[in-house]
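*Asks:* Could you work out the structure for the sequence below:
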Amino acid sequence: MPHYDEVQTPLDLFRMFITEDILSNIVDQTNLNAMRKKNLALKLSLEELRRFLGVQMLMSILKLPAIRMYWENGIRYSPVADTMSRDRFISLRSFFLICDDTLMIPKGEVGHDKLFKIRRLYDAFRENLKKIDPEEIQSIDEQMIPFKGRIGFRQYLKDKPHSWGVKVFTRAGISGIVYDIDIYTGKGAVEISELGHGTDVVLRLV
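*Replies:* Below you'll find the predicted structure:
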């Protein structure tokens, strides 16, 4: 993994946080998921996963009303359509998996983790954030990741630019670089000490 000072391109930055180990795990879990659900040998490789993630990122920048439209005649978007066939993309999207969800403790039982489906990626990403040399002046604040889909810990904060989404506490430097994050998953998700929720968040992030 390159040192932060050695980052030259957006791809270098991506590789700094999303390492080969993380991608290899996604390949294994996605192939396993396809075999378990459909008895399908998906044969996803690391290289194809990189292309799939690149397509997902492009779709988040140039947004069309429906996924299939990126391949349709007349409005075909070559950077997507030339990278992967429509049917292959939809197949990979349907089986994409980060953690083996058969190991998830059911909701309502002791030890249930609302972040289980992304836990391995989330923890690895946080550890990689901490490898950036920290600035002297930092602050802790909350921010919203815009999201209107179905999720158990979606929040509504009317005073935010994006009112609906996932609330995240961040520790960032004066430059804007984020050094750590803490996803808020709702009341009761973590035990609150006598110091109070706000103080607990600060202590976790420092």
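
*Asks:* switch to C-alpha atoms for all contacts and neighbour counts from now on
*Replies:* Noted.

*Asks:* Now do the buried residues in stretch 97-110.
*Replies:* Buried residues in stretch 97-110, counted by 16 or more other C-alpha atoms under 10 Å: 97-99.

*Asks:* Show me what the helix or strand where Ile90 lies packs onto, helices and strands only.
*Replies:* Assigned by DSSP states H and E, Ile90 belongs to helix 86-95. Applying 3 or more C-alpha pairs under 8 Å, 6 or more residues apart in numbering; DSSP states H and E, one finds that helix 86-95 contacts helix 20-38.

*Asks:* Can you name the residues in contact with the helix or strand following the helix it packs on?
*Replies:* Next in sequence after helix 20-38, counting helices and strands by DSSP H and E, comes helix 46-61. Residues outside helix 46-61 that contact it (C-alpha atoms under 8 Å, 6 or more residues apart in numbering) are 23-24, 27, 79-80, 83-84, 89, 92.

*Asks:* Could you rerun that using 10 Å?
*Replies:* 20, 23-28, 30, 45, 67, 70, 77, 79-81, 83-84, 88-89, 92-93, 96 (C-alpha atoms under 10 Å, 6 or more residues apart in numbering).

*Asks:* List buried residues within those residues.
*Replies:* Buried among the contacts of helix 46-61 by 16+ other C-alpha under 10 Å: 23, 25-28, 30, 70, 77, 80-81, 84, 89, 92, 96.

*Asks:* Pick the one among those closest to Glu136.
*Replies:* Closest approach to Glu136 among the buried ones among the contacts of helix 46-61 (C-alpha to C-alpha): Leu23, at 32.5 Å.

*Asks:* ok, how many other residues are close to the closest residue to the closest one other than its chain neighbours?
*Replies:* Spatial nearest neighbour of Leu23, chain neighbours left out: Leu46 (6.8 Å); criterion: C-alpha to C-alpha, 6 or more residues apart in numbering. Leu46 is flanked by 16 other residues according to other C-alpha atoms under 10 Å.
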